[in-house]
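Novice: Sequence and predicted structure are below.
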Amino acid sequence: MNYLAHIYLSFDDPQLSLGNFIADRVRGKDYLQYPAPVQRGILLHRAIDTFTDSHTIPRASSKRLHSRYHHYSRVIVDIYYDHFLARLWESYSQVPLEEFTQQFYALLQDNMAWLPQSIQRMSSYMMADNWLLNYREFEGLERVFHGMNRRTSMKSGMDTAVEELELYYADFEAEFRPFFEDLIIFSREKLLILKT
């Protein structure tokens with residue numbers, strides 16, 4: 001899953017959401033240097049990724065893309081799924097997406113000093129371009145995919161990934177809905193284990 005989903009799956013716990021957000025930039029046991037709630041967020045993020053990678057539904061989604069995007073297919077599906085979470089947000093949250101994203105950006109700014117350097121740099125772009133809200137629209141997704149394609153030295157071809165989303169929109173949405181329900185249940189259960 002991508003940024004919006006990881007933040008959402010922190011269930012309104014600020015420190016947990018920060019850990020969930022920075023987890024990809026924290027290697028091995030380096031998570032132990034953070035406070036316990038942030039550690040739980042990092043471990044929850046890792047568990048979410050493992051669950052997602054082994055689940056049959058995201059695999060089916062990425063298989064649809066594999067002939068064109070190869071090993072980048074799973075990354076693309078993660079972003080597609082954030083798009084559906086943003087589009088269907090009212091089904092999952094009482095807090096409007098605009099408010100949710102601004103609250104998270106304020107949390108980032110308040111904690112910027114201790115975040116990993118790479119996260120600090122990335123966060124400034126995220127907030128300036130309002131990535132979390134802009135996942136909702138195709139134009140926002142196109143900007144994200146163009147940026148990712150540049151970061152892969154134009155090898156991924158991700159700059160065209162919105163085309164498949166448009167072509168198979170109903171299929172991807174139909175896959176997202178049951179998978180995300182499974183993921184919410186898994187994340188709540190995993191969080192209970194991490195808190196014991």
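Specialist: Looks like it came in fine. All figures in this text were calculated on a predicted structure; none of them were measured in a lab.
Novice: Could you use CA atoms for every contact and neighbour count after this?
Specialist: OK.
Novice: Quick one: list the elements packing against the top helix by length along the chain.
Specialist: As assigned by DSSP state H, the longest helix anywhere in the chain is helix 169-194. Secondary-structure packing of helix 169-194 (3 or more C-alpha pairs under 8 Å, 6 or more residues apart in numbering; DSSP states H and E): helix 36-54, helix 56-69, helix 73-87.
Novice: Mean neighbour count added to these, as JSON lines?
Specialist: JSON lines is the format used below for the helices and strands packed on helix 169-194 (neighbours: other C-alpha atoms under 10 Å):
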{"stretch": "helix 36-54", "mean neighbour count": "20"}
{"stretch": "helix 56-69", "mean neighbour count": "17"}
{"stretch": "helix 73-87", "mean neighbour count": "22"}
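Novice: Looking at these, spot the one closest to W114.
Specialist: Among these, helix 36-54 comes nearest to W114, with 11.6 Å by C-alpha to C-alpha.
Novice: Give me the angle between the closest one and helix 73-87.
Specialist: Orientation check (axes from the mean of the first three to the mean of the last three C-alpha atoms, to 10 degrees): helix 36-54 against helix 73-87 gives 110 degrees.
Novice: just to revisit the earlier point, if you count neighbours, what's buried in the longest helix of the chain?
Specialist: Buried positions in helix 169-194, judged by neighbour count with 16 or more other C-alpha atoms under 10 Å: F172, E173, E175, F176, R177, F179, F180, L183, I184, S187, K190, L191.
Novice: Stretch 114-123 too?
Specialist: L115, I119, Q120, S123.
Novice: Pipe the helices and strands packed on helix 169-194 into JSON lines and attach distance to T196 and mean pLDDT per row.
Specialist: Below are these laid out as JSON lines (distance: least, C-alpha to C-alpha, whole Å; pLDDT from 0 to 100):
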{"stretch": "helix 36-54", "distance to T196": "11", "mean pLDDT": "97"}
{"stretch": "helix 56-69", "distance to T196": "29", "mean pLDDT": "96"}
{"stretch": "helix 73-87", "distance to T196": "29", "mean pLDDT": "97"}
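Novice: Just put these in TSV and tack on distance to D12.
Specialist: Putting the helices and strands packed on helix 169-194 into TSV (distance: least, C-alpha to C-alpha, whole Å) gives the following:
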stretch	distance to D12
helix 36-54	12
helix 56-69	25
helix 73-87	16
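Novice: between those helices, which one is nearest to Q109?
Specialist: helix 36-54 (16.0 Å).
Novice: gap between that closest one and the chain center?
Specialist: Distance of helix 36-54 from its chain centroid, counting by C-alpha atoms, centre = their mean, to the nearest Å, is 12 Å.
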